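Asker: Have a look at this prediction, sequence included:
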Amino acid sequence: MKSGKNFRQKSAHAFAEASEVIPGGVNSPVRAFGGVDTEPLFIGSASGSKIYDIDGNEYIDYVCSWGPMILGHAHPKVVRAVTEAARRGMSFGAPTQAETALAQKVVAAFGSIEKVRMINSGTEAVMTAVRLARAFTERDYIIKMVGCYHGHSDSLLVSAGSGLAQISKPSSKGVPQQLAELTVAIPYNDFEAVETAFEKYRGRIAAVLVEPVAANMGVVPPVDGYLQMLRRLSDKNGAVLIFDEVITGFRVALGGAQELYGVNADLTCLGKIIGGGLPAAMVGGLAKIMDMLAPLGPVYQAGTLSGNPLATAAANATLEILAGGDCYTRLEASGAALQAGLEHAAESAGIAVTINRVGSIMSCFFTDKPVLNFTDVRGSNIKMFKKFFSGMLKGGIYLAPSAYEAMFVSLAHSKEDVEKTLKVAHNVFNRIADD
Ligand SMILES: *Cc1c(COP(=O)(O)O)cnc(C)c1O
């Protein structure tokens, strides 16, 4: 790690140059570091648990491309699979056997999934799931939880989390009011709100859409019985239960939050890890709903690059590794060590934190209260998070540049990585306490 005030000079120059031709200098808003009042790093390369900026600084990476890189960066097996696929041709726009092999793996991993359709992004996965639910039920309204993020399609940019939570707007400009009105947004982890919504829109709710572990307002796990209650009320009211497992799928268990909590969804959205670092996503679920998709059924959905051979190769290689051995035990151990160490370091500095964690995803909220929903998240000390973030970055630890995002641990994070992270955190907490 270089020191001095110009240790990110090349990144600063690259950002200025990018900003002339790309809005905000970035191709996805949270990358701009707006939530931490600083400028983004431009990345040169990454390997295993480490990421390198173009100034040559090394960081231990806890962003992991916002979740996909569960094996660590540039895993040799995945790189080989993608390279070999590239030699056979980048895209055909025609079916391949690799897509069937991938679909079989997903059907085997998730008890609730009988069929899948591949697409290119999590946004599309949720958009398609909602369209299917509306067609299946012949209803229009959907229930979503405040602080959960489901991509940037029109109907779902209502009280959304992630980048939007920072801007503190309930929705995006450009989304017609008439569409927003079809989305009923209620607090996460609130049992009564679900009953109320079903009563108020009796016979009109097509779907309940939820992140089974919320991870776009920081990590907020479901309270006991919450997912079971959503299952029960969806059944009772004839609504489709959609789990957006774009983060939790293959992350909290091979079979996602559904395996971990023992609750099945009707439709499941997968993304991030399923692409192994390339753009791929899926919607999957019960055959009777999935078979409504074109060309079998009346619900239109399509994609020129869907099931792309490179992305499919990366996905097959990634899932093969995750299905074997003790991956989830190791991820749990790294996550637990990190949580315990951070809690200890904060406590010895006299700083109150609440750490929410499910396996290898976690968030450190600067508050002495439990964090169960978006209101609790907003009640945490964001100013302190910013100090924590910049201190960690200076010490060579790359965290998500926002208090509303999760920390991701990969299989490449070693004991030494965790120890170094905790050492830096210890110093940063002490410095914050002295301020
Ligand atoms: C990232 C994310 C999405 C959107 O996926 P993209 O690939 O960015 O479109 C949807 N839902 C959840 C839960 C996510 O974390």
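Answerer: Thanks, I have it.

Asker: hmm, which helix or strand of the protein has the shakiest average pLDDT?
Answerer: helix 163-167 (a mean of 37; mean pLDDT, DSSP states H and E).

Asker: For the ligand, what's the nearest residue on the stretch 201-350 of the chain?
Answerer: Nearest residue of the stretch 201-350 of the chain to the ligand: Val246, at 3.5 Å (C-beta to the nearest ligand atom). Placement of C-beta: from N, CA and C, glycine included.

Asker: can you map out the helices along the stretch 51-200 of the chain?
Answerer: Taking DSSP state H, counting those that start in this stretch, the helices of the stretch 51-200 of the chain run over residues 76-88, 97-109, 122-137, 163-167, 177-180, 191-200.

Asker: which residues make contact with the fifth one from outside it?
Answerer: For helix 177-180, contacts defined as C-beta atoms under 8 Å, 6 or more residues apart in numbering pick out 154-155, 157-158, 171.

Asker: thinking again about what came up before, now render the helices of the stretch 51-200 of the chain as a markdown table, adding distance to the ligand and mean neighbour count.
Answerer: Output for the helices of the stretch 51-200 of the chain, formatted as a markdown table (distance: least, C-beta to the nearest ligand atom, whole Å; neighbours: other C-beta atoms under 10 Å):
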| stretch | distance to the ligand | mean neighbour count |
| --- | --- | --- |
| helix 76-88 | 18 | 15 |
| helix 97-109 | 16 | 17 |
| helix 122-137 | 2 | 24 |
| helix 163-167 | 10 | 19 |
| helix 177-180 | 18 | 12 |
| helix 191-200 | 19 | 15 |
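
Asker: Which of those helices has the lowest mean pLDDT?
Answerer: Ranked by mean pLDDT, the helices of the stretch 51-200 of the chain bottom out at helix 163-167, which scores a mean of 37.

Asker: that older thread, ok, the contacts of helix 177-180 vs Ala103, which is closest?
Answerer: Among those, Ser155 lies closest to Ala103 (C-beta to C-beta), at 26.7 Å.

Asker: Wait, the closest one touches Thr183, no?
Answerer: Yes. Counting by C-beta atoms under 8 Å, Ser155 touches Thr183, with 5.4 Å between them.

Asker: surely the residue of the stretch 201-350 of the chain closest to the ligand meets Ala280?
Answerer: No. Between Val246 and Ala280 there is no contact under C-beta under 8 Å: 11.3 Å.

Asker: Can you work out which residues contact both of the two?
Answerer: With C-beta under 8 Å, 6+ apart, Val246 and Ala280 have common neighbours Gly271.

Asker: For this structure, list the residues in contact with the ligand, please.
Answerer: 121-123, 126, 149-151, 211, 216, 244, 246-247, 271, 281 (C-beta under 6 Å from any ligand atom).

Asker: Could you tell me which of the residues you listed count as buried?
Answerer: Buried members of the residues of the chain next to the ligand, counted by 16 or more other C-beta atoms under 10 Å: 121-123, 126, 149-151, 211, 216, 244, 246-247, 271, 281.

Asker: Max pairwise distance over the contacts of helix 177-180: which two?
Answerer: Most distant of the contacts of helix 177-180, by C-beta to C-beta, are Ser155 and Ser171, 10.2 Å apart.

Asker: of the two, who's got more company?
Answerer: Each of Ser155 and Ser171 has its neighbours counted (other C-beta atoms under 10 Å); Ser155 has more, 22 against 18.

Asker: Who are the contact partners of the more buried one?
Answerer: 127, 130, 142, 179-180, 182-183.

Asker: I'd like the residues you listed as TSV, with distance to Asn381 appended.
Answerer: Shown next, in TSV, are these (distance: C-beta to C-beta, whole Å):
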residue	distance to Asn381
Met127	35
Val130	35
Ile142	33
Leu179	35
Ala180	31
Leu182	36
Thr183	30
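
Asker: Can you say which two of the residues you listed are spatially most distant?
Answerer: Going by C-beta to C-beta, the pair spanning the contacts of Ser155 furthest: Met127 and Ala180, at 15.0 Å.

Asker: Name the nearest of the contacts of Ser155 relative to Tyr52.
Answerer: Using C-beta to C-beta, the contacts of Ser155 come closest to Tyr52 at Met127, 35.0 Å.

Asker: sec struct for Thr312, please.
Answerer: Put simply, Thr312 is helix when judged by DSSP: H, G, I helix; E, B strand; the rest coil.

Asker: Without its sequence neighbours, what residue ends up closest to it?
Answerer: Ala98 (4.7 Å; C-beta to C-beta, 6 or more residues apart in numbering).

Asker: what's the answer for Ala74, then?
Answerer: Ser47 (5.1 Å).

Asker: Strand partners (parallel or antiparallel) of the one helix or strand that neighbour maps to?
Answerer: Take DSSP states H and E as the rule and Ser47 turns out to sit in strand 43-47. Paired with strand 43-47 in the same sheet, following DSSP bridges, are strand 50-53 (antiparallel).

Asker: so who does the closest residue to Ser45 other than its chain neighbours touch?
Answerer: Closest residue to Ser45 apart from its sequence neighbours, by C-beta to C-beta, 6+ apart: Tyr52 at 5.2 Å. Applying C-beta under 8 Å, 6+ apart to Tyr52 gives the contacts 43-46, 58-59.

Asker: now with 6 Å?
Answerer: 44-45, 58 (C-beta atoms under 6 Å, 6 or more residues apart in numbering).

Asker: Thank you, goodbye.
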